[in-house]
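Enquirer: Predicted model and sequence below, questions to follow.
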Amino acid sequence: MNIYLSYTCSVGLLALSLSSCKNETSAVEAINAPILNYPLNEQRHANIIYSDSGINVLEINAGLVQDYGNMEPPYTFFSNGLTVLFYNGPKLSSTVLNADTARQEKSTDLWAIGGNVVVRNGKGERMFTELLFWDKKEEKLYTDRAVQIETDGQRITGVGFEADQEFNSYQIYKVQGEITIDDE
């Protein structure tokens, strides 16, 4: 009788252990799935210099840079303040772009720049907006949002804006405000 009881207990324990080890495939996949909403790497107080043939093209300074190359589409996020200095040949241009944040789409090199965006050029002109797009490949700045440009003591406002990336020549759409024109 001890052999029969021992055999029955062994078979029962074996059945119990096999049934308790059964895993749902979806549960295992969910546990082992990679988490995709975290940056691959972060840089604090970043200073990034882009160059072409040994000549600086632009310099980017940001409080925090996060690489989301694991997202679809892959992008880089700049936050805690952003400053872009544009170079004109081997020397630093006087064009400076400042903003709170930016998001660079890696595949298209299109930047969405937001929060207190200010672009200054060497002529003393300043452009203000809350959202600006920078097509780095086409070297073009644009927005469909409200803009304000201060130049020579004048203030021009409008909705929509397009310029070269150094903000030397530009167009404002749906212009509002007063513009002083010399009669000479």
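Expert: Ah, there it is. Residues are numbered from 1 along each chain as shown.

Enquirer: quick one: low-confidence parts of the chain?
Expert: Applying pLDDT under 70 to the chain flags the ranges 1-24, 26-36, 89-92, 177-184.

Enquirer: What segments of it are strands?
Expert: For the chain, strands defined by DSSP state E occupy the ranges 41-52, 55-68, 75-88, 91-99, 101-105, 110-120, 126-135, 140-151, 154-164, 170-172.

Enquirer: Indicate which one of the ones you listed is closest to residue 25.
Expert: Shortest distance between residue 25 and the strands of the chain, using CB to CB, is found for strand 55-68: 29.1 Å. To be clear about C-beta, it is placed using only N, CA and C from the backbone, and glycine gets the same treatment.

Enquirer: list the buried ones in the closest one?
Expert: Residues of strand 55-68 classed as buried: 56, 58, 59, 60, 61, 62, 63, 64, 65, 66, 67, 68 (neighbour count, 16 or more other CB atoms under 10 Å).

Enquirer: Packing partners of it?
Expert: Strand 55-68 is packed against strand 41-52, strand 75-88, with contacts defined by 3 or more CB pairs under 8 Å, 6 or more residues apart in numbering; DSSP states H and E.

Enquirer: Single out the most deeply packed of the ones you listed.
Expert: Of all the helices and strands packed on strand 55-68, strand 75-88 has the most neighbours on average by mean count of other CB atoms under 10 Å, namely a mean of 18.

Enquirer: In the sheet, which residues pair with the nearest residue to residue 134 once chain neighbours are set aside? Tell me.
Expert: Spatially, and ignoring its direct neighbours in sequence, residue 134 is nearest to residue 111 (4.0 Å; CB to CB, 6 or more residues apart in numbering). With DSSP bridges applied, residue 111 shows beta-bridge pairing to residue 104, residue 134.

Enquirer: which ones are touching residue 111?
Expert: Applying CB atoms under 8 Å, 6 or more residues apart in numbering to residue 111 gives the contacts 102, 103, 104, 105, 133, 134, 135, 136.

Enquirer: Make a PyMOL selection of the buried ones in those.
Expert: Buried subset of the contacts of residue 111, written as a PyMOL selection, criterion 16+ other CB under 10 Å:
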select buried, resi 102+103+104+133+134+136
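
Enquirer: now, which of the contacts of residue 111 sits nearest residue 156?
Expert: Distances from residue 156 to those, taken by CB to CB, are shortest for residue 133, at 19.9 Å.

Enquirer: if you skip the residues just before and after it, what's nearest to the closest one?
Expert: Distance criterion CB to CB, 6+ apart; nearest residue to residue 133, sequence neighbours excluded, is residue 142 at 5.3 Å.

Enquirer: Over to residue 121?
Expert: That would be residue 167: by CB to CB, 6+ apart, it lies 4.3 Å from residue 121.

Enquirer: domains of this protein?
Expert: What automatic domain parsing lists as the domains of the chain is 2-32, 41-172.
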